[in-house]
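Participant: here is my input; please provide its structure:
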Amino acid sequence: MKYGLLIALCFFVAYSAQKPAVFERCIACHGEQGQHIAPGSKGNITIAGLSKQKVIADLRGYRAKTANNGGAKNVMYIQAQNLSDEEIEALASYISTLPKAP
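Facilitator: Now for the predicted structure:
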């Protein structure tokens, strides 16, 4: 019983400590856990569980207005235009730990 509670507490702390504030702007399209398919995305892919490197590359591409992963690219261009490298790194670290959709 003690170990189960300890594991649950560690899991909660790990997720809540890593969630950057800037992730709040992602929730409307991608969902609280990144498991929603964003409107207009290509291939019905969710962001949950993407590799850190993929998220960094995609967000940098959106910031530079060169990425094109679907019909909502203009929304992503606006969302990413003012992201700092530190915010991109924090988002990528967090998103890569989210469990993939079942």
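Participant: the protein: helices as residue ranges?
Facilitator: In the chain, the helices defined using DSSP state H lie at 2-18, 27-30, 52-63, 73-80, 85-95.
Participant: got the buried residues for the fourth one?
Facilitator: Buried residues in helix 73-80, counted by 16 or more other C-beta atoms under 10 Å: 73, 75-77, 79-80. For the C-beta atoms, the positions are set from N, CA and C on the backbone; glycine is no exception.
Participant: for residue 88, what are its contacts?
Facilitator: For residue 88, the contacting residues are 55-56, 59-60, 63, 80, taking C-beta atoms under 8 Å, 6 or more residues apart in numbering as the criterion.
Participant: in a markdown table, list those along with distance to residue 102 and pLDDT.
Facilitator: Supplementary listing: those in a markdown table, determined by distance: C-beta to C-beta, whole Å; pLDDT from 0 to 100:
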| residue | distance to residue 102 | pLDDT |
| --- | --- | --- |
| 55 | 21 | 97 |
| 56 | 26 | 98 |
| 59 | 25 | 97 |
| 60 | 30 | 98 |
| 63 | 31 | 98 |
| 80 | 28 | 97 |
